[in-house]
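Asks: A structural model of the following input is requested.
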Amino acid sequence: MNIELILLASVLGAVVLVYLPYVVVAYNRVRLGYDMSAPRLMFEKFPPYAKRATWAHQNSFEALIIYAPAALMAYVTGVESRVAGYAAIAFLIVRFLYSLCYILDFALIRPLMFVLGLTCSGILFALSLLQVAG
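Replies: The predicted model follows:
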């Protein structure tokens, strides 16, 4: 298991996951007829699932600004623990599930996915600090 490669690839994967919910948003913008003069007003015309996709997209940016530094910090400090690799992979899985739960309105499961993703970031930060202190 090449931890360095997993960490770097997971950052790229996290960036891709930011835009995954936006596919649903873009579809609805095209379906409604994209209004170049007032694109934000289209939001009110979206069906509920498309509104939730917009929120999932926005939240994905928030998760990325925590995860990317955590993964890059683990990479830079030379963390070679398998736990780091598992945390990176788990982050991608739970963030995918988070967006899916948001769009499909699985309101009870979505917060769990959020907390699990945040935990993965926390693990990477902790492993990095342990590596430096080591």
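
Asks: roughly how far apart are Val15 and Leu116?
Replies: Distance from Val15 to Leu116, counting by Cβ to Cβ, to the nearest Å: 19 Å. Where you see a C-beta, it was placed from the backbone N, CA and C, and this is true even at glycine.

Asks: pull the helix or strand with minimum mean pLDDT from the protein.
Replies: Least confident helix or strand of the chain, by mean pLDDT, DSSP states H and E, is helix 3-32 with a mean of 95.

Asks: which strands and helices lie in contact with that helix?
Replies: Applying 3 or more Cβ pairs under 8 Å, 6 or more residues apart in numbering; DSSP states H and E, one finds that helix 3-32 contacts helix 48-77, helix 82-103.

Asks: mind listing what's buried along that helix?
Replies: By neighbour count, with 16 or more other Cβ atoms under 10 Å as the criterion, the buried positions of helix 3-32 are 3, 6-7, 10-11, 13-14, 17-18, 20-22, 24-25, 28-29.

Asks: for stretch 96-113, same thing?
Replies: Within stretch 96-113, the residues that count as buried by 16+ other Cβ under 10 Å are 96-103, 110, 113.

Asks: picking up where we left off before, got the helices and strands packed on helix 3-32 as JSON lines, with mean pLDDT columns?
Replies: JSON lines is the format used below for the helices and strands packed on helix 3-32 (pLDDT from 0 to 100):
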{"stretch": "helix 48-77", "mean pLDDT": "97"}
{"stretch": "helix 82-103", "mean pLDDT": "98"}
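
Asks: looking at the ones you listed, which is nearest to Ser128?
Replies: Among the helices and strands packed on helix 3-32, the nearest to Ser128 by Cβ to Cβ is helix 48-77 (4.3 Å).

Asks: now do the closest one: distance to the chain's middle.
Replies: Here the centre of helix 48-77 is set off from its chain's centre by 4 Å, with Cα atoms, centre = their mean, to the nearest Å.

Asks: tell me what it is packed against?
Replies: The contact analysis (3+ Cβ pairs under 8 Å, 6+ apart) places helix 48-77 against helix 3-32, helix 82-103, helix 110-133.
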